[in-house]
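Asks: Test case, fold it:
(chains A and B)
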Number of protein chains: 2
Amino acid sequence: MRVLITGAAGMIGSKLAARLRTDGVLAGRAIGSLILQDIVAPLGAAAADLVRLGDLGAMAAELIALRPDVVFHLAGVVSGEAEADFALGYRVNLDGTRALFDAIRVADYLPRVVYASTTAVFGGPFPEVIGDDFAPVPLSSYGAQKLMGETLLVDYTRRGLMDGVALRLPTICVRPGRANRAASSFFSNIIREPLNGLPADLPVPRDWVHTMASPRAAVRFFLHAAGMDTAAIGPRRALTLPGVAVTVAEQLAALARVAGPEVAALVRDAPDPAVWAIVQTWPKRFAATRARALGFQAEADFDAVLRAYLEDDLPDWRR
Amino acid sequence: MRVLITGAAGMIGSKLAARLRTDGVLAGRAIGSLILQDIVAPLGAAAADLVRLGDLGAMAAELIALRPDVVFHLAGVVSGEAEADFALGYRVNLDGTRALFDAIRVADYLPRVVYASTTAVFGGPFPEVIGDDFAPVPLSSYGAQKLMGETLLVDYTRRGLMDGVALRLPTICVRPGRANRAASSFFSNIIREPLNGLPADLPVPRDWVHTMASPRAAVRFFLHAAGMDTAAIGPRRALTLPGVAVTVAEQLAALARVAGPEVAALVRDAPDPAVWAIVQTWPKRFAATRARALGFQAEADFDAVLRAYLEDDLPDWRR
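Replies: Reported below is the predicted structural model:
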């Protein structure tokens, strides 16, 4: 079988590609070739991979002409960028997604399409726990574009034009690499920096609750969605995924347990009213009842999130 | 002030235009000119009206160059057409709406935009009463396109590019004119045909509950949305509107009360499994709590719906 990953140079895309190369199979079938699309060259591409560089909207037909049996659609600009550049966000996140789905529609075959959506489709005010039937009303252009992508996926799937599943990912933690300027970056920074012996600022109160899943869990979500029986989902093809809902204090307690109290002590309270104002608009917990029933599994606790990071991204870390 | 109506030749559009001509004012301001857009000439246009014929997507910039203070966006292809012709539905309902909103965005002014959405954004399974926070997952391309239009409206409004309100209209009853082939047409047919002395077939059981509002109420909704204080709505700019939730039996009892039992007796039970299969996927009742609190009022009962029809569309009917 052929597998396409759009946005293959991204953090999740490259981890997904690596996992598929290691496994050599997906949904019980041998992977013949891996097609990697992005605007920049994916690191770690194998010689056998078909790398296609360029804007998704412009090359969707070319990619679909290769008849991938499974399409992992991860390409997109992130929330901060979509908010800063209105036209870019709509062009990449909405028009790019529609171009991909339309290429599949006119190609007249039925691939499994697994689409990276986000819990940012939800905008407050929220109930304490967001259930599967809670109406998404985004408070960011990124969330709006992803919700429209979900709506296309649901309609194209209902009409028998593709076999789509949209995954509303929770915040991914621990993000490897350098700190970025996203308001949510501190959830990763307060783990990653201390493990590197560096101090980290905590801009919000320690009792704030947030839902997270590891990059490893995210890859597992995508693999599961590629192989699952979609008839069991029904017409509501956008699934809010589970994660670990913890306070910042619980994150840091896990860090102290796994890495030692001296590591957790590198986190300093540094209240930032601007960040706090944004964070308070975010959801805390998701029921994710349907996704759990359909077999999607996040980590059991934040210790497991931490261990996944150490094993996958810091293999040389002292133990 | 200038007022633009897209889809001005449609049933609601033409009634809205007539009402605006009669009132001469909207939201407390005198109407200087009425701009009427459609693909066919609106009947009843006045000499002073600016009639613009053509596809909305192609002429959006030209319409917005006239700087309408209020935009009533009703243009679109109906559900049956959007389902039968995939490309047409997306081009008119999604691309046309986006072209209109983008023309406003680049024109750099802040009109009030009142958008005709639909309760068809909801797809089952439903709770017995659909609350304002129930997640819309459309089961038709029409519903999907309207939901995407709402999502654009919410995002463009949040970003300060326009001042939008999306109105999720319930089924409009009694539709004047001839019967059409929409599965919902019987809700109007069983009233309209007997009042014309003609028999009418009832394809569903008499205990089926459905929510309806009169064309007069729909016009009132649009006028109210044009003049209301939108700051009171908050970021969730799509409002599920109230209507009269009645069984078919209650519709016919009202018909007997208002027009006489011999008129109601012209309705014949004619079960149609195909129609019934579709109707059973439809929602029954809406809480419409937010819309009611914001001052949107439907009829109090189906007798009032009937009287509105007789007064507005059958003024010569015997009384």
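
Asks: The residue lying farthest from the centre of chain A in helix, strand or coil?
Replies: Here the centre of chain A is the reference, and by C-alpha atoms, centre = their mean the most remote residue is A:Glu262, at 31.1 Å. Secondary structure assignment for A:Glu262 (DSSP: H, G, I helix; E, B strand; the rest coil): helix.

Asks: Look up how far chain B lies from it.
Replies: Relative to chain B, A:Glu262 is positioned 44 Å away (C-beta to the nearest C-beta, to the nearest Å). Quick note: C-beta positions are derived from backbone N, CA and C, even for glycine.

Asks: helix, strand or coil for the nearest residue to A:Cys173 once chain neighbours are set aside?
Replies: Spatial nearest neighbour of A:Cys173, excluding adjacent residues (C-beta to C-beta, 6 or more residues apart in numbering or on different chains): A:Met212 at 4.0 Å. The assignment at A:Met212 comes out as strand when based on three-state DSSP.

Asks: Could I get the pLDDT score of A:Met212?
Replies: At A:Met212, the model reports a pLDDT of 97.

Asks: Next up, the contacts around it.
Replies: When contacts are counted by C-beta atoms under 8 Å, 6 or more residues apart in numbering or on different chains, A:Met212 touches A:170-173, A:187, A:243-244, A:246, A:302, A:305.

Asks: show me where the stretch 201-319 of chain A has helices.
Replies: A:215-227, A:248-259, A:261-264, A:273-279, A:289-293, A:302-313 (DSSP state H, counting those that start in this stretch).

Asks: A:Ala245 and A:Cys173 touch, don't they?
Replies: No - using C-beta atoms under 8 Å, A:Ala245 is not in contact with A:Cys173; the gap is 11.9 Å.

Asks: For these two, indicate the residue with more neighbours.
Replies: More crowded of A:Ala245 and A:Cys173, by other C-beta atoms under 10 Å in any protein chain shown: A:Cys173, with 29 against 19.

Asks: any idea whether A:Leu198 is helix, strand or coil?
Replies: Using three-state DSSP, the structure places A:Leu198 in coil.

Asks: Around chain B, pick out the residues from the stretch 101-250 of chain A.
Replies: For the stretch 101-250 of chain A, the contact set with chain B under C-beta under 8 Å from any C-beta of the partner chain comprises A:105, A:123, A:132-139, A:141, A:144, A:147-148, A:151-152, A:154-155, A:158-159, A:235-236, A:238.

Asks: which residues sit in contact with whichever residue of the stretch 1-150 of chain A sits closest to chain B?
Replies: Relative to chain B, the nearest point of the stretch 1-150 of chain A is A:Ala144 (4.0 Å; C-beta to the nearest C-beta). A:Ala144 sits next to A:138, B:151-152, B:154-155 when contact means C-beta under 8 Å, 6+ apart.

Asks: Read off the pLDDT value for it.
Replies: 97.

Asks: a helix runs through it, doesn't it?
Replies: Yes - per three-state DSSP, A:Ala144 lies within a helix segment.

Asks: Would you mind confirming that A:Ile64 is in contact with A:Leu100?
Replies: Yes - between A:Ile64 and A:Leu100 there is a contact at 7.4 Å, judged by C-beta under 8 Å.

Asks: more neighbours, the two?
Replies: Neighbours around A:Ile64 and A:Leu100, counted as other C-beta under 10 Å, are more numerous at A:Leu100. The numbers are 28 against 23.

Asks: Who are the contact partners of the more buried one?
Replies: A:6, A:56, A:60, A:63-64, A:71, A:73 are the contacts of A:Leu100 under C-beta under 8 Å, 6+ apart.

Asks: switch the cut-off to 6 Å
Replies: A:Ala60 (C-beta atoms under 6 Å, 6 or more residues apart in numbering or on different chains).

Asks: In three-state terms, label it for me.
Replies: A:Leu100 ends up helix, using three-state DSSP.

Asks: what do you get for A:Val113?
Replies: Here A:Val113 is strand, with the state taken from three-state DSSP.

Asks: Show the low-confidence segments of chain A, by residue range.
Replies: A:181, A:319 (pLDDT under 70).

Asks: Relative to A:Met11, how far out is the residue sitting nearest the centre point of it?
Replies: Compute the mean C-alpha point of chain A, and by C-alpha atoms, centre = their mean the closest residue is A:Leu169, 4.8 Å away. From A:Leu169 across to A:Met11, the span is 12 Å (C-beta to C-beta, to the nearest Å).

Asks: Dump stretch A:214-233 to CSV, restricted to CA.
Replies: The C-alpha trace of stretch A:214-233 is given here as CSV (Å, rounded to 0.1, in the frame of the first residue of the first chain):
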residue,chain,number,x,y,z
SER,A,214,2.6,12.8,24.2
PRO,A,215,3.8,12.9,20.6
ARG,A,216,4.0,9.1,20.9
ALA,A,217,0.3,9.0,21.8
ALA,A,218,-0.4,11.3,18.8
VAL,A,219,1.3,9.0,16.4
ARG,A,220,-0.6,6.1,18.0
PHE,A,221,-3.9,8.0,17.4
PHE,A,222,-3.0,8.4,13.7
LEU,A,223,-2.1,4.8,13.2
HIS,A,224,-5.3,3.7,15.0
ALA,A,225,-7.4,5.9,12.9
ALA,A,226,-5.8,4.5,9.7
GLY,A,227,-6.7,1.0,10.6
MET,A,228,-10.0,1.2,12.5
ASP,A,229,-13.4,0.1,11.3
THR,A,230,-14.9,3.5,10.4
ALA,A,231,-18.4,2.0,10.1
ALA,A,232,-18.4,2.0,13.9
ILE,A,233,-18.0,5.8,14.0
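
Asks: that older thread, which one is the residue of the stretch 1-150 of chain A closest to chain B nearest to, not counting chain neighbours?
Replies: Computed as C-beta to C-beta, 6+ apart, the closest residue to A:Ala144 that is not its neighbour in sequence is B:Asp155, at 4.0 Å.

Asks: Pretty sure the one you found sits against A:Leu139.
Replies: No - B:Asp155 is not in contact with A:Leu139 according to C-beta atoms under 6 Å; the separation is 9.0 Å.

Asks: Neighbour count: those two, which is higher?
Replies: Between B:Asp155 and A:Leu139, B:Asp155 has the larger neighbour count (other C-beta under 10 Å), namely 28 against 20.
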